[in-house]
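# what's the 3D shape of this:
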Amino acid sequence: MGAVERVTASSPSTMVPPPTVAKVSPMKKAARVMTGVGCEYALPPEHRAMMCLTDDHVLHVSTSHTTNPYVLGFMERLSRNKVIFKVNKCALMDIKALYLNSPSIQVLNSSNLGLESHKEKLTYRQDDVVKLLRDAVELKASDVHYIIGDQHCSIKFRVDGELTLYQEHLVSHGEELCATIYQSMCDVADPVYNPNRSQDARLKRDFVRQLGLFSARIATRPTANGILMVLRLLYDRREEKTSLDILGFLPEQNAIIRRMWQRTTGINIFSGPTGSGKSTTLEAVMSELLAEFNYTIHLLTFENPPEYVIAGANQTPIQCDMDDDEAISREWARSIANGMRLDPDVMMVGEIRDLASAKASFRAAMTGHGLWTTLHANDVTTILERLRDIGVDISLLTDPSLITGLINQNLMRKVCPKCRRPYLDHKSSLAEDLVERIEKTCQVENVFLRGIGCDDCNGTGISGRIIGAEVVMPTKRFMQVFKNEGKNEAREYWVKEMQGITKNQHMIRWINAGLVDPLLGERNVCALDEDLITLGL
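Prediction:
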């Protein structure tokens with residue numbers, strides 16, 4: 001074994017004296033390890049592979065890992081606990097031998113550097129992650145953010161679209177959590193967690209099942225002063241009834257969408273910003289469509305990856321190198337082309353992302369298939385503008401027999417019905433210009449504001465979210481106006497001649513129903529007077 005460096009506990013303002021060097025022979029007797037499973041300073045398996053603290057207060061560290069951030073973080077942890085320890089630089093096999101020979105380790109698997117039996121309980125750090133994710137699931141969080149800076153680690157939950165602080169930790173603790181998640185709790189991942197580059201993964205099925213989720217996607221990215229890791233939680237909603245009515249579509253919008261699925265060919269496109277609920281709505285529509293036809297149709301999906309279970313559908317993932325944008329583009333197009341040979345009645349394509357996937361989708365529609373998909377766009381007429389921008393020929397994108405449905409949506413936060421506050425009693429707390437817009441566009445006696453929070457809403461004042469949407473089944477005249485006059489004129493034609501309901505109008509309906517705070521509505525969708533400004537309504 002190598003030389004030993006003595007490290008004394010010190011405060012942040014105290015300089016650590018130069019280490020003393022001595023010879024140590026930890027193998028002369030079976031030392032009790034303090035970093036094994038269930039021990040005082042238990043470490044996750046990937047960290048036990050490179051260091052071991054024994055009861056003689058010697059920290060044995062792999063020579064090649066002496067500057068590893070997790071090793072340095074553990075040293076910092078010991079110092080904070082006023083532990084005076086020595087550092088012994090040694091080989092990885094020596095560290096493994098310490099765990100194998102320790103009288104404190106009862107169940108060992110010598111082929112595993114983590115030294116765990118498969119029957120052992122979760123490591124303490126994995127247990128920390130699972131407990132945290134259970135809290136997130138209980139709150140119905142859609143995302144969990146681990147934000148590691150140079151001072152501390154913040155953990156935030158996104159609940160009902162709002163990002164709130166859940167916990168704060170030391171940097172070293174946050175780094176250990178992120179490394180544990182990526183290296184020991186994921187599949188479809190690089191073999192080694194690298195905080196210095198972007199990585200993607202997926203939580204292992206065993207952990208997903210424990211949490212009652214369908215899946216959990218993981219993405220990491222280095223920041224200017226640390227690391228960002230985000231977990232997208234995808235819920236198993238097979239036991240929940242989700243429908244267009246429940247999501248918040250109006251009866252007249254529902255009727256148009258149902259008319260879309262009665263037309264057996266053509267492309268129907270859901271759009272909206274990230275986090276607007278497009279995938280959830282698409283899943284609900286596909287489930288209702290299957291039920292409408294008594295599950296006698298073949299619904300084939302292409303997703304990256306499947307996010308929710310659609311009972312009765314054949315759901316297929318996109319399979320290629322996810323770090324290669326060109327490979328992803330080719331695979332979307334290849335999958336759609338392949339799907340046409342698998343006898344589908346309806347295809348669901350997770351996303352039109354570029355010209356290749358757009359061309360393949362139009363080709364499917366032209367050969368007699370119905371196709372439902374998503375696209376990023378701000379309103380219904382911008383969907384057509386986006387397709388033209390990525391290169392779709394104008395003659396195709398203005399053909400109402402090919403594009404049969406355009407849907408755009410946002411999600412609005414609903415006020416808690418128990419603690420909401422009447423607008424007329426609290427309007428003095430609002431900005432003057434907002435009061436002016438409310439009183440110009442809303443039925444003020446029916447308007448409620450977000451409350452201060454109560455037990456029913458976990459102190460947030462918010463009780464779920466509801467959709468604000470625009471739904472268009474294009475006609476020949478609508479497409480001609482878009483082609484000859486532009487998207488703004490097409491939008492005006494849709495509203496004034498086709499009696500279209502804008503997201504602005506939809507939002508005001510929910511405000512007048514007492515479900516949405518007008519301030520939150522403006523933040524989530526648009527200004528209350530948006531139609532007045534853009535359409536003169």
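
# Can you identify the strand in this structure that spans the most residues?
Counting by DSSP state E, the longest strand found in the chain is strand 403-415.

# Show me which residues of that strand are buried.
403-415 (16 or more other CB atoms under 10 Å). The C-beta positions use only the backbone N, C-alpha and C, and glycine is treated the same way.

# Output those residues in TSV, with distance to residue 386 and pLDDT appended to each entry.
Shown next, in TSV, are the buried residues of strand 403-415 (distance: CB to CB, whole Å; pLDDT from 0 to 100):
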residue	distance to residue 386	pLDDT
403	12	96
404	17	96
405	15	97
406	11	97
407	14	97
408	11	96
409	15	96
410	16	95
411	20	95
412	23	95
413	27	95
414	29	96
415	33	97
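
# hmm, back to that, adjacent strands (with direction) for the next helix or strand after the longest strand of the chain?
Using DSSP states H and E, the next helix or strand after strand 403-415 towards the C-terminus is strand 421-422. Paired neighbours of strand 421-422 in the sheet (DSSP bridges): strand 448-449 (antiparallel).

# roughly how far is the strand it pairs with from the heart of the chain?
Centroid separation for strand 448-449 versus its chain: 29 Å, with CA atoms, centre = their mean, to the nearest Å.

# average pLDDT across that strand?
For strand 448-449, mean pLDDT rounds to 98.

# Torsion angles phi and psi at the closest residue to residue 347 other than its chain neighbours?
Here the nearest residue to residue 347 in space, its sequence neighbours aside, is residue 371; by CB to CB, 6 or more residues apart in numbering that works out to 4.8 Å. Here is the backbone geometry of residue 371 (degrees, to the nearest 10): phi -140, psi 130.

# returning to what we had before: show me which of the buried residues of strand 403-415 is closest to residue 469.
residue 409 (4.2 Å; CB to CB).

# so who does the closest one touch?
Residue 409 sits next to 270, 271, 272, 276, 277, 278, 281, 467, 468, 469, 470, 503 when contact means CB atoms under 8 Å, 6 or more residues apart in numbering.

# coming back round to it: could you check how far the longest strand of the chain is from the centre of its chain?
Per CA atoms, centre = their mean, the displacement of strand 403-415 from the mean C-alpha position of its chain is 19 Å.

# can you check stretch 477-487 too?
Between the centre of stretch 477-487 and the centre of its chain there are 37 Å (CA atoms, centre = their mean).

# May I have the phi/psi pair for residue 233?
Main-chain dihedrals, residue 233, degrees, to the nearest 10: phi -90, psi 120.

# Tell me the bridge partners for it.
Going by DSSP bridges, residue 233 forms beta bridges with residue 216.

# can I assume it is in contact with residue 141?
Yes. Counting by CB atoms under 8 Å, residue 233 does reach residue 141; the two are 6.2 Å apart.

# Grab the nearest non-local neighbour of residue 56.
residue 31 (6.0 Å).

# Look at the one you found and report its pLDDT.
At residue 31, pLDDT is 76.

# Neighbours of it, how many?
Neighbourhood size, residue 31 [other CB atoms under 10 Å]: 20.

# Kindly report the same for residue 514.
Residue 514 - counted by other CB under 10 Å - has 18 other residues nearby.

# so it makes contact with residue 445?
No. At 9.9 Å, residue 514 does not count as touching residue 445 under the criterion of CB under 8 Å.

# For residue 134, pull up the helix or strand it's in.
Under the criterion of DSSP H and E, residue 134 resides in helix 124-138.

# Okay, buried residues for that helix please.
Buried residues in helix 124-138, counted by 16+ other CB under 10 Å: 125, 126, 128, 129, 132, 133, 136, 137.

# Likewise for stretch 445-463?
Residues 447, 448, 449, 450, 451, 457, 458, 460, 461, 462, 463 are the ones in stretch 445-463 that count as buried (16+ other CB under 10 Å).

# Can I get these in TSV including distance to residue 380 and secondary structure?
Below are the buried residues of stretch 445-463 laid out as TSV (distance: CB to CB, whole Å; DSSP: H, G, I helix; E, B strand; the rest coil):
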residue	distance to residue 380	secondary structure
447	27	coil
448	29	strand
449	30	strand
450	29	coil
451	34	coil
457	33	helix
458	35	coil
460	31	coil
461	31	coil
462	27	strand
463	28	strand
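
# Among these, which one lies nearest to residue 64?
residue 458 (47.1 Å).

# Spatially, and excluding backbone neighbours, which residue is closest to that closest one.
Sequence neighbours aside, residue 139 is the residue nearest to residue 458 in space, at 6.7 Å (criterion: CB to CB, 6+ apart).

# elements contacting the helix or strand hosting residue 481?
Assessed by DSSP H and E, residue 481 sits inside helix 476-485. Packing partners of helix 476-485 (3 or more CB pairs under 8 Å, 6 or more residues apart in numbering; DSSP states H and E): helix 487-497.

# mean confidence for the next helix or strand after the helix it packs on?
Next in sequence after helix 487-497, counting helices and strands by DSSP H and E, comes helix 503-512. Mean per-residue pLDDT for helix 503-512: 97.

# what does helix 503-512 contact?
The contact list for helix 503-512, computed with CB under 8 Å, 6+ apart, reads 248, 250, 379, 408-410, 412, 414, 441-443, 446-447, 466-470, 516-518, 521, 525-528, 530-531.

# same check, this time on stretch 341-353
Residues contacting stretch 341-353 (CB under 8 Å, 6+ apart): 264, 269, 279, 282, 286, 289, 297-304, 310, 313, 318, 328-329, 332, 336, 339-340, 357-358, 361, 364, 369-375, 387, 390.

# do the same with stretch 295-311
By CB under 8 Å, 6+ apart, the residues outside stretch 295-311 that reach it are 202, 214-215, 217, 234-238, 279-280, 283, 286-287, 289-290, 312-318, 322, 328, 332, 335-336, 339, 342-351.

# In this structure, where is pLDDT below threshold?
Residue ranges of the chain with pLDDT under 70: 1-30, 103-122, 188-189, 191, 238-239, 320-324.

# For the stretch 251-400 of the chain, just list every one of the strands.
Using DSSP state E, counting those that start in this stretch, the strands of the stretch 251-400 of the chain run over 266-271, 299-303, 314-317, 346-349, 370-375.

# Now tabulate the ones you listed in TSV and tack on distance to residue 256 and mean neighbour count.
As requested, the strands of the stretch 251-400 of the chain are exported to TSV (distance: least, CB to CB, whole Å; neighbours: other CB atoms under 10 Å):
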stretch	distance to residue 256	mean neighbour count
strand 266-271	11	25
strand 299-303	20	22
strand 314-317	26	15
strand 346-349	18	25
strand 370-375	14	24
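
# nearest to residue 429, of those?
For the strands of the stretch 251-400 of the chain, the distance to residue 429 is smallest for strand 266-271, at 35.0 Å, taking CB to CB.
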